[in-house]
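# any chance you could fold what I've pasted below:
(chains A and B)
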2 protein chains.
Amino acid sequence: MASSGTPLRDERIAIIGSGQIGQSWALLFASAGFKVSLYDVNPENVTKAQELILQLLQYLKKENCLRGSLPVQVQYDRISKADTIDACVNDAIYVQECVFEDLELKLQLFADVDKHIGDNTIVGSSTSSMLPSALSKDMKHRHNFLVVHPTNPPFFARAVELVPAPWTTPEVMGRTRELMVAIGQAPIVLKKEIPGFVLNRMQFAIVGECYRLVKKGVISVDGCNKTISEGIGPRYAFMGPFQTAHLNADGFQNYCDRYGDIIYRVQQSFGPPEKMEGELVQQIQNELVKKVPLDKLDERRRWRERRMAALNKLKTELAQQGQNATDSGK
Amino acid sequence: MASSGTPLRDERIAIIGSGQIGQSWALLFASAGFKVSLYDVNPENVTKAQELILQLLQYLKKENCLRGSLPVQVQYDRISKADTIDACVNDAIYVQECVFEDLELKLQLFADVDKHIGDNTIVGSSTSSMLPSALSKDMKHRHNFLVVHPTNPPFFARAVELVPAPWTTPEVMGRTRELMVAIGQAPIVLKKEIPGFVLNRMQFAIVGECYRLVKKGVISVDGCNKTISEGIGPRYAFMGPFQTAHLNADGFQNYCDRYGDIIYRVQQSFGPPEKMEGELVQQIQNELVKKVPLDKLDERRRWRERRMAALNKLKTELAQQGQNATDSGK
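Now for the predicted structure:
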């Protein structure tokens, strides 16, 4: 979290694409005092985005959730509109791409960016599904390229995955890592690329098993949700699966000695992946809309954000109570 | 959570086995005002357990985490020592078995319990690994039998899995469900038995994929932990995987339309289960002890409990702020 006394920084960050993810990135960098240039192929979208960012800043102030110590107007003023890609990335130390998930669109964009950046500019893509090698293979500056994948909702979830292409230099990985720490995010550094990266692979492992359990008639949709929110989730809010196993026995080695066989047998009973489609998807949606109707999704997203912001604050407070000797992260 | 003004109840609960899980169950029932009979094959263990329960109650009071409104001494006095199984289960409305995870031991115990209980007494096993059918098949009262599996640590994690044998009656499932709600736990009702039940299946799915990612050299042990504690965990503290998917697109149907293919492909790239054993387990333990040495496991467990208690309190407070219209659980 950006600490009190946030400095105004001279370095410029380029954000390309002004949708929800672009807005979140702009806000994160501006909150940490960076200058932000925001570009969109449709200039009206930037104006609209700036309005939404101001609204979000005012909402965050009201909820006492602003990051860093800069006032709303100062944070807002850090973000300016760029009229061309050249003007956006020119002199930027870092470019964050946030356009639609379309391979051709991104390839074309990166070819363009490649022409206008300096030799030290790092280029990060927000993609959740494309490998950095596929996105950067034809770039002159491909050694400066990586995927920088935020977690949804980016302003409230700290994890950011840094995924290198085979040619990304360690120095670029290191600088990006430091930049993410500087804006208060929690960088997760992958050593090499893999489909789904790491966070989504874990998430797909869980949602995949939940889907099979519902299909097998073992449990309801609501039961799956509650098993997480009242069972695994409260532990995972503070520690990961390896540390959880470490504590649930006399260390991880002992955990594997005691439960390794049964864990292996249970995993073998999972069966193959199921494609989520057809009638069962409809049934699951029918269950879900009973609690969260489709016209209340946005309201529920705000519900989630408020809770995640409150949890962040709680974690910071607890870490400050002098109990962080063995604390991972915070 | 037991609300203010906890009543003193006349019904008696029998707890068999006075280790950590038995102590937690005794405390949960006593906090809700039930009379608790605690039995252990070694009577000295019960005396020791009662001392530990008193210490825990005093700690909980100090941390402002007591459940319900009964004073420490009143909660403590609800728990009495039973000298025989007969005396323990006699007149009990509910028996919670918490002995060592040994099939023969449990079978022998349930044969004994079976002789002394009334026709309306429900028998729940705390087992995390044995199927209710295997545990109860020879019991006369097997229609009153189920697995009632708590989450670790039981006093701080609300989820409790209720797993029926094929012969468990719906009425018994319903009464046990109500009992769990009465003591402030969150019952997860399975429709039929399955190895690992539900919570551990989800947990094994995640830890299995983490283990493979470390083995493949994609990410460090610490990186896996942080992906959860800073990425997925803060969301899962408040909502399960289906509702998360529902919010991360325009509903679950739309989520599957948009991401179903890629989720399926990523799941296919997981590869078969890996048995957690040998050198890699040692390497993972070596990483883990850098943050949490083996002689600090208990201290870290207290660290986790404090955080989970604070999260519970936060969730209760947020739910009371009139935003619980679409809230699942709390």
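
# quick one: residues in contact with the lengthiest helix in chain A.
In chain A, with assignment by DSSP state H, the single longest helix is helix A:297-320. Applying CB atoms under 8 Å, 6 or more residues apart in numbering or on different chains, the set of residues contacting helix A:297-320 from outside is A:1, A:63, A:65, A:153, A:155-158, A:237-238, A:292, A:327, A:330, B:234-235, B:237-239, B:246-247, B:250-251, B:306-307, B:310-311, B:314-315, B:318, B:323, B:326-327. In this view, the C-beta of every residue, glycine as well, is placed from N, C-alpha and C.

# how about stretch A:161-170?
Applying CB under 8 Å, 6+ apart, the set of residues contacting stretch A:161-170 from outside is A:131-133, A:135-137, A:142-149, A:172-173, A:176-177, A:180, A:187-193, A:197-199, B:227.

# now swap in stretch A:267-274 and tell me
Contacts to stretch A:267-274, defined as CB under 8 Å, 6+ apart, come from residues A:208-209, A:211-212, A:215, B:194-196, B:201, B:204-205, B:208, B:264, B:267-268, B:270, B:273.

# let's see it at 7 Å
In this structure, residues lying in contact with stretch A:267-274 by CB atoms under 7 Å, 6 or more residues apart in numbering or on different chains are A:208-209, A:211-212, A:215, B:195, B:204-205, B:208, B:264, B:267-268, B:273.

# re the thing from before, quick check: buried residues in the longest helix of chain A?
Buried residues in helix A:297-320, counting neighbours by 16 or more other CB atoms under 10 Å in any protein chain shown, are found at A:297, A:300, A:303-312, A:314-315, A:318.

# how near is A:Tyr59 to B:Tyr76?
Here A:Tyr59 is placed at a distance of 47 Å from B:Tyr76 (CB to CB, to the nearest Å).

# so for these two, which residue has more residues nearby?
Neighbours were counted for A:Tyr59 and for B:Tyr76 using other CB atoms under 10 Å in any protein chain shown; B:Tyr76 has more, 18 against 13.

# next up, the contacts around the more buried one.
For B:Tyr76, the contact set (CB under 7 Å, 6+ apart) comprises B:Ile53, B:Leu54, B:Leu57.

# name the nearest residue to A:Asp112, ignoring sequence neighbours.
In space, A:Asp112 comes closest to A:Ile85 once its chain neighbours are excluded; the distance is 5.3 Å by CB to CB, 6 or more residues apart in numbering or on different chains.

# what subset of the contacts of helix A:297-320 is buried?
A residue is treated as buried here by neighbour count (16+ other CB under 10 Å); on that basis the buried members of the contacts of helix A:297-320 are A:1, A:65, A:153, A:155-158, A:237-238, A:292, A:327, A:330, B:234-235, B:237-239, B:246-247, B:251, B:306-307, B:310-311, B:314-315, B:318, B:327.

# count of residues packed around whichever residue of the stretch 51-200 of chain A sits closest to chain B?
In the stretch 51-200 of chain A, no residue comes nearer to chain B than A:Ala159, which is 3.1 Å away by CB to the nearest CB. Residue neighbour count, defined by other CB under 10 Å, stands at 25 for A:Ala159.

# correct me, but it touches B:Asn225?
No - in this structure A:Ala159 lies outside contact range of B:Asn225 using CB atoms under 7 Å: 11.1 Å.

# that older thread, drop anything exposed from the contacts of B:Tyr76.
When neighbours are counted using 16+ other CB under 10 Å, those contain these buried positions: B:Ile53, B:Leu57.

# can you list the contacts of B:Tyr76 in TSV and add pLDDT?
Supplementary listing: the contacts of B:Tyr76 in TSV, determined by pLDDT from 0 to 100:
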residue	pLDDT
B:Ile53	96
B:Leu54	97
B:Leu57	95
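
# ok, back up a step: drop anything exposed from the contacts of stretch A:267-274.
Burial of these was assessed by neighbour count (16+ other CB under 10 Å); the buried members are A:Gly208, A:Glu209, A:Tyr211, A:Arg212, B:Phe204, B:Ala205, B:Gly208, B:Tyr264, B:Gln267, B:Pro273.

# quick one: the fifth one is in a helix?
Yes - remark: B:Phe204 belongs to a helix, assigned using DSSP: H, G, I helix; E, B strand; the rest coil.

# for it, what are its contacts?
With contacts taken as CB under 7 Å, 6+ apart, B:Phe204 has the following neighbours: A:Ile263, A:Val266, A:Gln267, B:Gly196.

# returning to what we had before: pLDDT score for the residue nearest to A:Asp112?
Listed pLDDT for A:Ile85 reads 97.

# over to A:Pro153?
In the predicted model, A:Pro153 carries a pLDDT score of 87.

# residues contacting it?
When contacts are counted by CB under 7 Å, 6+ apart, A:Pro153 is found next to A:Glu305.

# run the last query once more with 10 Å
For A:Pro153, the set of contacting residues under the criterion of CB atoms under 10 Å, 6 or more residues apart in numbering or on different chains consists of A:Gln20, A:Ile21, A:Ser24, A:Arg301, A:Arg302, A:Arg304, A:Glu305, A:Met308, A:Ala309, B:Arg235, B:Leu247, B:Asn248.

# and if you look at A:Ser37?
Contacts were defined as CB under 10 Å, 6+ apart; by that measure A:Ser37 touches A:12-16, A:26, A:46, A:79-83, A:87-92, A:95.

# contacts with chain B among those residues, please.
With respect to chain B, and counting by CB under 10 Å from any CB of the partner chain, no part of these is in contact.

# select only the buried ones of those in ChimeraX?
What follows is the ChimeraX syntax for the buried subset of those, where burial is set by 16+ other CB under 10 Å:
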select /A:12,13,14,15,16,26,46,79,81,82,88,89,90,92,95
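
# now list the buried members of the contacts of stretch A:161-170.
When the contacts of stretch A:161-170 are checked for burial by 16+ other CB under 10 Å, the buried set is A:131-133, A:135-136, A:142-149, A:172-173, A:176-177, A:180, A:187-190, A:193, A:197-199, B:227.

# the residues you listed in helices, which ones?
Residues of those located in helices (DSSP H): A:Pro132, A:Ser133, A:Leu135, A:Ser136, A:Val172, A:Met173, A:Thr176, A:Arg177, A:Met180, A:Leu199, B:Thr227.

# and the furthest pair within the buried residues of helix A:297-320?
Largest separation among the buried residues of helix A:297-320 by CB to CB: A:Leu297 and A:Leu318, giving 31.2 Å.

# let me know the closest of the contacts of stretch A:267-274 to A:Gln285.
For the contacts of stretch A:267-274, the closest approach to A:Gln285 (CB to CB) belongs to A:Tyr211, at 12.5 Å.

# give me the phi and psi for the residue of the stretch 51-200 of chain A closest to chain B.
The phi/psi pair for A:Ala159 (degrees, to the nearest 10) reads phi -60, psi 130.

# that one - nearest residue in space that isn't next to it in sequence?
Here the nearest residue to A:Ala159 in space, its sequence neighbours aside, is B:Gly231; by CB to CB, 6+ apart that works out to 3.1 Å.

# and A:Lys81, by the same measure?
The shortest distance from A:Lys81 to any residue other than its chain neighbours is 4.6 Å, reached at A:Val46 (CB to CB, 6+ apart).
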